[in-house]
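Asker: no sequence for this one, just the structure:
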């Protein structure tokens, strides 16, 4: 028999976590803010009650380490949110991990197995996307992490001092102990719902390139400056943005997505020609060759615009996440558990969103499980998943975790 | 002999006024803010020292009324600034009026002539563009003015209570007394400099239409929402903005200008599809028929976009200023004074910028004088005019004011 999760306990913890930063149906709980730190302290307490050795490490990761020895499975996700986030997002995967740890501990046949769990700091990137998993896996250096700053110019180092973590050591991946990583998450898209499935087994996480384009012209009066004499940074942005969306649309494959999510005009007044403007451009696909082609198209269009003038355009890559295939063996454990608890109602699918699992996949076999998002909505206060789907996903994850741990620790 | 202005006194007062809200080379002195009110109290003091009956009226206008009877000339401009404004803008015309009043009082032959001067509230439209002149000329009702709100949603009525003016009566144009209006201003454009002229005599002020377009879509995750299922408010804005600039460019006459000065994406994050977006669109020309054609083109393109979907677009006219021809007789007084003090170095020209004179022109013969803007730059911290040009402009204005007053009060 599989370890049995307790749906009421699971939902109760999810709802308590939601209360930290609740705002209407949504949650506002950005990394290192007071409510985020309060949620981390609460979570560490729940981990300790579950029999784990709980701590908040030197970058804010909450780690619940099993007292058991052996080849461990690591499970987690993140409890920070977007500036106006949904209540489940990463929180679901963290509380799933906690509930699976409790279910294993209550299962006499599996209480000896080592399951470590975590909430990774700042997956959403208020300071630096996937900061906590990058620290844990040492895929970025401590100094580089500490220098990263948020949009107010505040560094991670300053944030750590402010929350009293500057003296803590960062926790690290232990290669001898941590042999596999599993992460559950809401799908954040409409595919499972559209296909009528309850569980997604992730085959790969797409690569993400995020660019910032900056336009420098001359601020001036919008009534007295003849059109021919203008160096209008906003106008140059509109022209290039329209060309970029057409060029990327022509290159895009079936699952490619691209987004201009942020435009800022400076000073941004009705009667003033913008002297400066900025936009983000992000594109995602599983195929790195296609992403390279898209990046080259952006470069080419920007250079054309710079040659034409009169506004100076500069480009910086603000983030570059390579696509990550999920481990086939771990996928099969998830698939077997899904077929057991939801026969015929699961599917394999790529993840269009970035996740901490992408960072872990470089160091240790990793895989992900998805549950449906109602209406495909996420990163919005309206984000939700039915309670039945939430409970089913956790039970599938518990079964998969048990079978992975049994295989890892087979004598 | 013409009344003699005192260039040192003029520049000293301009520099003192600059100190209220100074920020680098620029000035930040938005209507009703503390520094704006402090500048008004200082200005009222200077008016009283010049022998005028000075008061701050029930909408914040600073009025310096001459004790002399007769047919009066009214002169003024505004001392409020843009959010990041230049130091001269409207301040120049206000201090010119003060200096001309002093020069007339010191001129035995003209000390009996009635010159009333003013700084009109909120020309820049933090709350409502040309609020003060609209109140003074009664071209808008008191209630409509009091309801106008700034971008924080604060009403003029609340602002007046906060600055202690709610109990003051608004000053009004006196048709029997006020027979002409003159306003001096920096050109705020590059024409005088390019033509090598020192004085501009304004022939007409162009009409201005300012629209706000609002785009309503569905906020969602930028990685997991397939392109075909998106309702991206930002993308709809980029497409329509690119079409609008082409359509207006095709309609524009030689002096027409149009500007997209403000774009806001909500929530404005790299990884989130904007659920809502907003842009301003402003166009100016002396020909109201052309402005109507441009407005119709905007309507048509917006309706096309709405029919195509999937984002809902709405349009509101946030401001509508009709073009205003300047009084030919007053223009001739200004031209004669310019020819006297700067022979061959003046020109007639339209004003691309809106001014309080546009409001006055509906009620009383009105005209404007321009001095050059260095590099044509305005509404920017870099805005400037040479001290020699500043002094010359004031002397021309003083001569013109004297001849206008003499003509008005000829027995």
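Answerer: Looks like it came in fine. Note that this is a predicted model, so its numbers are computed, not measured. Numbering: from 1, shown residues only, chains lettered A, B, ... in the order given.
Asker: CA atoms for contacts and neighbours, from now on please.
Answerer: Will do.
Asker: roughly how far does residue A:408 sit from residue A:333?
Answerer: Using CA to CA, to the nearest Å, we find residue A:408 at a distance of 12 Å from residue A:333.
Asker: same thing with residue A:302?
Answerer: Distance from residue A:302 to residue A:333, by CA to CA: 46 Å.
Asker: got the residues of the stretch 251-400 of chain A near chain B?
Answerer: A:255-265, A:267-274, A:280-282, A:284, A:351-354, A:376-380 (CA under 8 Å from any CA of the partner chain).
Asker: select only the buried ones of those in ChimeraX?
Answerer: The buried residues among those can be selected in ChimeraX (16 or more other CA atoms under 10 Å in any protein chain shown) with this line:
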select /A:255,256,257,258,259,260,261,262,263,264,265,267,268,269,270,271,272,273,274,280,281,282,284,351,352,353,354,376,377,378,379,380
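Asker: give me the subset of the residues of the stretch 251-400 of chain A next to chain B that lies in strands.
Answerer: A:257-259, A:263-265, A:272-273, A:280-282, A:284, A:351 (DSSP state E).
Asker: please parse chain A into its domains.
Answerer: A:7-206+A:324-408, A:207-321 (automatic domain parsing).
Asker: which parts of the stretch 301-411 of chain A are strands?
Answerer: Taking DSSP state E, counting those that start in this stretch as the test, the strands found in the stretch 301-411 of chain A are A:312-321, A:324-325, A:346-351, A:366-371.
Asker: which of those strands is buried the deepest?
Answerer: strand A:366-371 (a mean of 28; mean count of other CA atoms under 10 Å in any protein chain shown).
Asker: helices of chain A, residue ranges please.
Answerer: If DSSP state H is used as the criterion, the helices of chain A fall at A:7-18, A:34-49, A:89-105, A:131-136, A:142-147, A:156-162, A:191-195, A:233-251, A:288-308, A:328-341, A:356-360, A:387-408.
Asker: export those as JSON lines, with columns for mean neighbour count and mean pLDDT.
Answerer: As requested, these are exported to JSON lines (neighbours: other CA atoms under 10 Å in any protein chain shown; pLDDT from 0 to 100):
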{"stretch": "helix A:7-18", "mean neighbour count": "17", "mean pLDDT": "98"}
{"stretch": "helix A:34-49", "mean neighbour count": "19", "mean pLDDT": "98"}
{"stretch": "helix A:89-105", "mean neighbour count": "27", "mean pLDDT": "98"}
{"stretch": "helix A:131-136", "mean neighbour count": "26", "mean pLDDT": "98"}
{"stretch": "helix A:142-147", "mean neighbour count": "14", "mean pLDDT": "96"}
{"stretch": "helix A:156-162", "mean neighbour count": "17", "mean pLDDT": "97"}
{"stretch": "helix A:191-195", "mean neighbour count": "17", "mean pLDDT": "94"}
{"stretch": "helix A:233-251", "mean neighbour count": "20", "mean pLDDT": "98"}
{"stretch": "helix A:288-308", "mean neighbour count": "16", "mean pLDDT": "97"}
{"stretch": "helix A:328-341", "mean neighbour count": "19", "mean pLDDT": "98"}
{"stretch": "helix A:356-360", "mean neighbour count": "25", "mean pLDDT": "96"}
{"stretch": "helix A:387-408", "mean neighbour count": "21", "mean pLDDT": "98"}
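Asker: JSON lines for the ones you listed, including distance to residue B:390?
Answerer: Shown next, in JSON lines, are the helices of chain A (distance: least, CA to CA, whole Å):
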{"stretch": "helix A:7-18", "distance to residue B:390": "63"}
{"stretch": "helix A:34-49", "distance to residue B:390": "55"}
{"stretch": "helix A:89-105", "distance to residue B:390": "62"}
{"stretch": "helix A:131-136", "distance to residue B:390": "57"}
{"stretch": "helix A:142-147", "distance to residue B:390": "50"}
{"stretch": "helix A:156-162", "distance to residue B:390": "50"}
{"stretch": "helix A:191-195", "distance to residue B:390": "68"}
{"stretch": "helix A:233-251", "distance to residue B:390": "31"}
{"stretch": "helix A:288-308", "distance to residue B:390": "37"}
{"stretch": "helix A:328-341", "distance to residue B:390": "77"}
{"stretch": "helix A:356-360", "distance to residue B:390": "63"}
{"stretch": "helix A:387-408", "distance to residue B:390": "73"}
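Asker: where does the closest residue to residue A:390 other than its chain neighbours land on pLDDT?
Answerer: Leaving aside its chain neighbours, residue A:390 sits nearest to residue A:371 (7.1 Å; criterion: CA to CA, 6 or more residues apart in numbering or on different chains). Turning to residue A:371, the model gives it a pLDDT of 98.
Asker: tell me how many other residues crowd residue A:153.
Answerer: Number of residues near residue A:153 (other CA atoms under 10 Å in any protein chain shown) recorded here: 9.
Asker: again with the one 10 residues further on
Answerer: Under the neighbour criterion other CA under 10 Å, residue A:163 is assigned a count of 13.
Asker: mind checking how far it is from residue A:128?
Answerer: 17 Å.
Asker: same check on residue A:385?
Answerer: For residue A:385, the distance to residue A:128 - CA to CA - is 27 Å.
Asker: more neighbours: which of these two?
Answerer: residue A:128 (23 against 19).
Asker: quick check: the more buried one touching residue A:149?
Answerer: Yes. Counting by CA atoms under 8 Å, residue A:128 touches residue A:149, with 7.5 Å between them.
Asker: for residue A:190, give me its contacts.
Answerer: A:372, A:373, A:374, A:375, A:376, A:377, B:224, B:225 (CA atoms under 8 Å, 6 or more residues apart in numbering or on different chains).
Asker: residue contacts, the second one?
Answerer: With contacts defined as CA under 8 Å, 6+ apart, the neighbours of residue A:373 are A:186, A:187, A:188, A:189, A:190, A:192, A:193, A:383, A:384, A:385.
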